[in-house]
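Enquirer: this one's structure only:
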């Protein structure tokens, strides 16, 4: 067994005031690897800003500004976290949920690679701006 010792004894973390936490099972049971980087960013943000019950009231525009996400990226990440049963959202209030017992096959699947007409491969869906650019500007 590895004996762990803090590198800097003077700067050992302490729980002071409010704090956020994620159970180790988030990593060990594959939840971390099942999320895209936008999903992971949104999930960690919601964990950090939520209260004791996991709830927070941040608006989508504030979340997008703080996380540097566009609206399409935010909606995609939010809906994916809801579908993976990691958060609940009622249109106004977010709740970070306790972790499900395990990942379903659908949750464990990595994001599908999309093929577009030009033959390029993308891991994320195109946003509206990209679609219009492809439809109208690329034909010239």
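Expert: On my side now, so go ahead. Computed from a predicted model, the values in this text were never measured in an experiment.

Enquirer: Show me how the record splits this structure into domains.
Expert: The chain breaks down into these domains under automatic domain parsing: 22-103, 110-140.

Enquirer: For this structure, which helix or strand comes out least confident on mean pLDDT?
Expert: For the chain, counting by mean pLDDT, DSSP states H and E, strand 114-115 ranks last in confidence among helices and strands (a mean of 46).

Enquirer: quick one on the thing from earlier: deepest-packed of the domains of the chain, please.
Expert: Ranked by average neighbour count under the criterion mean count of other Cβ atoms under 10 Å, the domains of the chain are headed by domain 22-103 at a mean of 15. Backbone N, C-alpha and C define where each C-beta goes, glycine included.

Enquirer: can you give me how far stretch 8-15 is from the chain middle?
Expert: Relative to its chain's centre, stretch 8-15 lies at 28 Å (Cα atoms, centre = their mean, to the nearest Å).

Enquirer: try stretch 71-87
Expert: Mean-position distance between stretch 71-87 and its chain equals 7 Å (Cα atoms, centre = their mean).
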